[in-house]
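Undergrad: Got a predicted structure here, sequence first:
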Amino acid sequence: MNQKFHTQLRLLREEQRMTLDELALKARIGKGKLEQYEAGTEVPSVPTILKLSNALEVPASNLLDGLQINQ
């Protein structure tokens, strides 16, 4: 799944038929932040990615594959 992080996050959430509100509650992340992550205007920290992967019940690598790291 070699897509951008924000696209990957939205697809995984939608595959689980989870709303932004549900994911925010489950991951303990504000809905506004999730909206920014899905819009691609903000990139989450590694601990936040781990929270998201746990909430979505997928390996963190499923999300990290779409993360572009600037070097």
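TA: Structure's in. What do you need?

Undergrad: How much space separates the closest residue in space to residue 28 that isn't next to it in sequence from residue 23?
TA: The shortest distance from residue 28 to any non-neighbouring residue, by CB to CB, 6 or more residues apart in numbering, is to residue 51 (6.6 Å). Bear in mind the C-beta positions are built from the backbone N, C-alpha and C, glycine included. Distance of residue 51 to residue 23, computed by CB to CB, to the nearest Å: 10 Å.

Undergrad: Between the two, tell me which one has more neighbours.
TA: Taking neighbours as other CB atoms under 10 Å, residue 51 and residue 23 compare with residue 23 leading, 22 against 18.

Undergrad: which regions of this protein lie under the pLDDT threshold?
TA: Applying pLDDT under 70 to the chain flags the ranges 1-3, 66-71.

Undergrad: quick one: contacts for residue 24?
TA: Applying CB atoms under 8 Å, 6 or more residues apart in numbering, we find residue 24 in contact with 30-31, 33-34.

Undergrad: which element is the spatially most central residue of the chain on?
TA: Per CA atoms, centre = their mean, the C-alpha nearest to the average position across the chain is that of residue 9, at 3.8 Å. Assigned by DSSP states H and E, residue 9 belongs to helix 5-15.
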